[in-house]
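In: A predicted structure for the sequence below; I have some questions about it.
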Amino acid sequence: MMETLEQVRDRLLARFPGGEVTLIANPGPAAQHSLALGLNQAAAMALFLRDDPDLRLDYCSNVTGVDWPEKEIVESTKVTVPDPAGGPAKVVEQKTKRIQPGYLEVVYHLYSMALKHGPVIVRLRTGNRHDQVTVPSFTPVWRSCEFQEREVFDLFGVKFSDHPDLRRILMWDEFTAHPMRKDYVEPDDYEWEPTPHGTVLEKAKAHYPATAVAAPTAAVGAAHHTPAAAAVTTAAPVVRSDTGLETRATPAPKEGTP
Amino acid sequence: MTDAARPEPTEPAPGAHLVTEAERDELRRHGILLTKLEEIVNLGRSKSVWPLQFGLACCAIEMIAASMARFDIARFGSEVFRPSPRQADLLIVSGTVTKKMAPQVVRLWNQMPEPKYCIAMGACAISGGPFKQGYNVLKGIDRFIPVDVYIPGCPPRPEALLHGLLQLQEQIRTQKSSGPNVARHLRPGDRCDYAVPEFGERDLEPPANPAVWQAPSIVRNEKA
Amino acid sequence: MSGVEPMFPSPSSGAHVNAVHDPFHGDLLEVSMGPHHPSTHGVFRMMVTLDGETIVKLKPVFGYLHRNHEKLGENTSYLGSMPYTDRLDYLNSMTNNWAYALAVEKLAGQPVPERAEYLRVILAELTRLLNHVCLAGFLLQDTGASGTPLMYAFREREKILDLFESLSGSRMMCNYQRFGGCRVDASPEWLAGAQTITNNFGRFLDEYEELITGNEIMMARTQGVGALTPELAISAGITGPMLRATGVNYDLRKVDAYGVYSRFDFRVPLGDHGDTYDRYMIRILEMRESIKILQQALPALPAGPIMDPKAKIRGFRPKAGEAYGRIEGPKGEIGFYLISDGSPNPYRYRVRPPSLVNLTVLEDMCLGQTIADAVIILGSVDIVLGEVDR
Amino acid sequence: MLGSGLLQGLKVTAKNLVGSFHDPERLTTLEYPEQKAKLPENYRNFPFLVSENATDPMGTLRCVGCQICEKECPPQCIYIEKSKDKKPDATGKMQVYPVVFDIDTSVCMSCQICVEVCPFEAIKMDQVFEIATKDRFTALLLDRNQLAKPNSYYHEIHPTEAAEVDARLLAERKAAEEKAKAAATPKPAVAPTPSPTATAPKPPEAPAAGGTPAP
């Protein structure tokens, strides 16, 4: 039976004085708690986790990134304000807004093939999401991190120091964005979207022909109540007005395409 | 040929068939095949469409299944899957075309000799399918190369692929070597050279080839 | 802290080696294999540097089938991701379904009724049969046995696919598992059909082995080719038949004993040399063990519901938290890592792809081999690009 | 002996070759266009809308335009606009109906989730697959006229499932009638002829949450 995560944390702290190890509880029913390691000694700690005879976490199964963007948090605190007149102190609710700083997180799921236990979940957190995005690479400790850390670099933009070959893995090299971040905006190619709703509808609207704005939408809407009538009023370019869509033969003007 | 077999004499358009369809059917019944060079060439072409051995994703497995014993694409003369585009007539785009893959697909298409045909097999090849909203997925291969037959399904059954192939054969059989409805590869200006997109910083450059991709625009109403 | 000595350093690094002119040895040649290459099993690409015919460097290039599975998973509901998991490893939709269902069940603390657990085992083992038999066909195709073994494999595969189709409605994209059970129940006729296939499969395997296992050309091409040491395999996170071919006894069906696997009697075949031939043999032996599991599971299938009555299909919102669930897929450990923030969509949806991690050691296995062997070694890794690139 | 493995393999192929002449196990070819495989009852490919009768498909659609399937569809290939007015459905109840119901079959992945989430048994899976076309834009975008198929067709392709659905709908209808009767009897003086919309705003088995779409 494997020792508990608290024991692992305490042993790590004892072995690495001055190191940071935080236990992060998982409130869900899975109860897979994790350890957040401080960046300065993380690689040595990983080595310890791998080689310690009681743990022998020789197998790093899963490496992934998580993006936690900046969040605005409104906190209300109750403050007792003493009455200057000398009466009973009043309780006043104060609202403070603060920006919770965002960060990127790399999560490692470690198992032991030798002792057949696990998982021990290890997290590394970056300072922020823009310039302090370097964490130590675990590829020298576990080879299985090689491609998965490259993937985290590609999709989340976490840089791994000491990684032997840190290049984009899934997207092409010229690509500049990190698409798995929550604030990534996709390229705009919403041209033929016959069944749009939600965000897709918003994006598709940019491609609607300019004439559509001029066409009174109320008239189209009225036609919907009597589909039979709508079929009669087919203007030349409209192919199928029963469905409420206008299919025009002419393509929407495109820009900047040679 | 008797007078009775002749249909109503209508005014013959210039260049119309000297022998009508009905007459030719009658002759065929008697064992005489009367045909045109164009038709016999088309017949030969349609019965030996050699596909490129080119699998992209899930649909490729169904394409392989279609070439195996159960569905046996060999019965339609298309079992010769060629590994080289130089020897192939048919590009079966079988699966999701990602933006990273799109330039390669166009390059393969450019390398195939004319006359060549393209089948978009499965939802992903037609429109990006279920992966349409992904940032790296091309919303349909017809943004870059002309597609002859679209086979919807995710993935289409092997029978559906065979059905699509039969449609393509029908199209090849009826293609014209001259006139206004001339086949695509005989049109003046068709140079078998489709623009290969480049990798950009955010997207392909250009994101679609306007010479090929002419989507109608759709306007949807505001919902309540 | 930097400066950890890597136990197994990556053999070479960097994107390109320029042709090196060396008057004694001649030039190194850089060959780009793929993404359109008949034997790269999809749109996989390798940048191979050759000294004569010998590989001195090999860098895989991924992403030609990167379909943004994880991003789409974060934008759809928990249920909506289920059909997408079919398309990960499109040969084995049933095991993908199960891994995802298991992760979500862990995340939400959702129990599964017994009949559903048995059905999951039956379907997963049938999936293992069809994956391994196809792999053997494709591997033989790569060694030059074009057509025949693959045709026999697909003949058997079609029978299993017919079973899947009559149960789930689709040949490949089953979309069968649900959180807390399965979607449709198996009829007695279906179970009889599964029993027939199970009974006959052993005979087919005998014939298949007679066809290829003893074949001299096959042995010459695969024995001693692409050997992998157990230490490197563990460090590189290799799982599945490829790991067991090196002799490491690690099968999640035994280790985690998820589902009801602890109730069945089966062995875990282990290899000795870790070469391509071992990887092929392990799969053949695993199929025989799968038949054994099926022979036990089919008669023991209990009656009862297939869905937990409290399970929710629509509007499924697990409590905030995270879970990592993994099963032994035919290709190795397939896992799903989910973070829930209490909304109907997962906050983070991650697939742990066995194929991608197993490719880590492709270069190590190929170095020093000839270019023709690289194709066979790649074939024996058993990749499906839908899962490698997701 | 070197070569014995090869000979053994040849024996197997010879057995298969000879066997293919008399053993249907070894000759599995299906001569497709002439000979079609019997599709299993569960086979699914693309959804269709169930209408109660074939003569007036638009008037008897079971769909009430609740837009649940549109919301749940993973690839978002369904587009619905519901009517602002109501008209009587097959049972005579006043219902909202879809004025636009489009499914983009070039996107649909036949995952069946729309069928699973539909509380009105209005959308079911079809079995057509021979729909290869040359025209992508108009031929693959199916509108409600193309999607509507009568209940008898549903019985044809999924007999077991359709019988279950019919039985369930009948039971629901009966329960609704009894409920309406029970609701009508205690206070006959107040509303002797309650309008159908007032007594039965929702079908009895309407989902508790999300049954009516949030705007």
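Out: Right, received. Where do you want to start? Numbers count the residues shown, from 1 in each chain, chains lettered A, B, ... in the order given.
In: Strands of chain B, residue ranges please.
Out: In chain B, the segments counted as strands under DSSP state E are B:90-94, B:117-121, B:149-151, B:198-199, B:204-205.
In: Strands along the stretch 51-200 of chain C, start to end?
Out: C:54-61, C:177-178, C:181-182 (DSSP state E, counting those that start in this stretch).
In: Show me the strands in chain D, by range?
Out: Going by DSSP E, chain D shows strands at D:47-51, D:78-82, D:87-88, D:94-95, D:98-104, D:123-125, D:141-142, D:148-150.
In: looking at it, C:Ile339 is touching C:Arg348, isn't it?
Out: Yes. Counting by C-beta atoms under 8 Å, C:Arg348 is a contact partner of C:Ile339 at 3.9 Å. From N, CA and C alone the C-beta is placed, and that goes for glycine too.
In: Give me the common contacts of these two.
Out: Contact with both C:Ile339 and C:Arg348 is made by residues A:Val66, C:Glu322, according to C-beta atoms under 8 Å, 6 or more residues apart in numbering or on different chains.
In: one step back: possible to save the strands of chain D as CSV with distance to chain B, mean neighbour count and mean pLDDT?
Out: Listed next are the strands of chain D as CSV, based on distance: least, C-beta to the nearest C-beta, whole Å; neighbours: other C-beta atoms under 10 Å in any protein chain shown; pLDDT from 0 to 100:
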stretch, distance to chain B, mean neighbour count, mean pLDDT
strand D:47-51, 12, 25, 89
strand D:78-82, 7, 23, 88
strand D:87-88, 18, 12, 80
strand D:94-95, 17, 20, 82
strand D:98-104, 7, 25, 88
strand D:123-125, 13, 23, 90
strand D:141-142, 9, 23, 86
strand D:148-150, 17, 20, 88
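In: Okay, buried residues for stretch C:282-298 please.
Out: C:282-295, C:297-298 (16 or more other C-beta atoms under 10 Å in any protein chain shown).
In: Could you point out which of the strands of chain D sits nearest C:Lys57?
Out: strand D:98-104 (46.0 Å; C-beta to C-beta).
In: Give me the angle between that closest one and strand D:47-51.
Out: Between strand D:98-104 and strand D:47-51, the angle comes out at 150 degrees (axes from the mean of the first three to the mean of the last three C-alpha atoms, to 10 degrees).
In: So what are the sheet partners of strand D:98-104 and their directions?
Out: Strand D:98-104 has the following strand partners under DSSP bridges: strand D:78-82 (antiparallel), strand D:141-142 (antiparallel).
In: Quick one: neighbours of the closest residue to B:Met63 other than its chain neighbours, just the number.
Out: Taking C-beta to C-beta, 6 or more residues apart in numbering or on different chains, and ignoring the residues beside it in sequence, B:Met63 has B:Ser94 as its nearest neighbour in space, at 4.7 Å. Neighbourhood size, B:Ser94 [other C-beta atoms under 10 Å in any protein chain shown]: 29.
In: Same check on B:Lys36?
Out: With other C-beta under 10 Å as criterion, B:Lys36 counts 11.
In: Name the residue of chain B that lies nearest to chain C.
Out: Nearest to chain C, among the residues of chain B, is B:Gly134, at 3.1 Å (C-beta to the nearest C-beta).
In: Not counting its neighbours along the chain, what's nearest that residue?
Out: C:Asn68 (3.1 Å).
In: For B:Thr96, see how far away that neighbour is.
Out: Between C:Asn68 and B:Thr96 the distance is 10 Å, computed by C-beta to C-beta, to the nearest Å.
In: These two: who's more crowded?
Out: B:Thr96 (34 against 24).
In: Per-residue pLDDT of the more buried one, please?
Out: Here, the pLDDT recorded for B:Thr96 equals 90.
In: Touching, it and C:Tyr64? I think so.
Out: No. Taking contacts as C-beta under 8 Å, B:Thr96 lies outside contact range of C:Tyr64: 9.8 Å.
In: what is in contact with C:Asn68 and B:Thr96 at once?
Out: In contact with both C:Asn68 and B:Thr96: B:Phe131, B:Val137, using C-beta under 8 Å, 6+ apart.
In: pretty sure D:Glu70 is touching D:Ile78, no?
Out: Yes. Using C-beta under 8 Å, D:Glu70 is in contact with D:Ile78, at 4.5 Å.
In: For chain B, what's the nearest residue on chain A?
Out: For chain A, C-beta to the nearest C-beta, closest residue to chain B: A:Pro187, 3.6 Å.
In: How about that residue: what's its closest non-neighbour residue?
Out: Closest residue to A:Pro187 apart from its sequence neighbours, by C-beta to C-beta, 6+ apart: B:Asp203 at 3.6 Å.
In: Least confident of the strands of chain B, on average?
Out: Looking at the strands of chain B, the bottom one is strand B:204-205 with a mean of 84.
In: so who does the residue of chain A closest to chain B touch?
Out: B:Tyr135, B:Arg202, B:Asp203, B:Pro207 are the contacts of A:Pro187 under C-beta under 8 Å, 6+ apart.
In: List the contacts of the residue nearest the centre of chain B.
Out: Among the residues of chain B, the one closest to the centroid is B:Asp148, at 2.9 Å (C-alpha atoms, centre = their mean). When contacts are counted by C-beta under 8 Å, 6+ apart, B:Asp148 is found next to B:Tyr117, B:Cys118, B:Ile119, B:Leu168, B:Gln171, D:Lys134.
In: So the last one sits against B:Gln167, correct?
Out: Yes. Distance between D:Lys134 and B:Gln167: 7.3 Å, which falls inside the contact criterion (C-beta under 8 Å).
In: shared neighbours of those two, anything?
Out: Shared contacts of D:Lys134 and B:Gln167, counting by C-beta under 8 Å, 6+ apart, come down to B:Val149.
In: So between those two, which is more surrounded?
Out: B:Gln167 (19 against 13).
In: I'd assumed D:Glu130 was in contact with the more buried one.
Out: No. Here B:Gln167 does not reach D:Glu130: they are 9.3 Å apart, not a contact under C-beta under 8 Å.
In: so, in contact with chain C or not, stretch D:39-59?
Out: Yes. Interface with chain C: stretch D:39-59 contributes D:Pro40, D:Glu41, D:Asn42, D:Tyr43, D:Arg44 (C-beta under 8 Å from any C-beta of the partner chain).
In: Same question for that stretch: list its buried residues.
Out: D:39-40, D:42-52, D:57.
In: Same list (the residues you listed) but as CSV, adding distance to D:Pro150.
Out: Shown next, in CSV, are these (distance: C-beta to C-beta, whole Å):
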residue, distance to D:Pro150
D:Leu39, 19
D:Pro40, 22
D:Asn42, 21
D:Tyr43, 19
D:Arg44, 18
D:Asn45, 19
D:Phe46, 17
D:Pro47, 15
D:Phe48, 10
D:Leu49, 10
D:Val50, 8
D:Ser51, 6
D:Glu52, 7
D:Pro57, 7
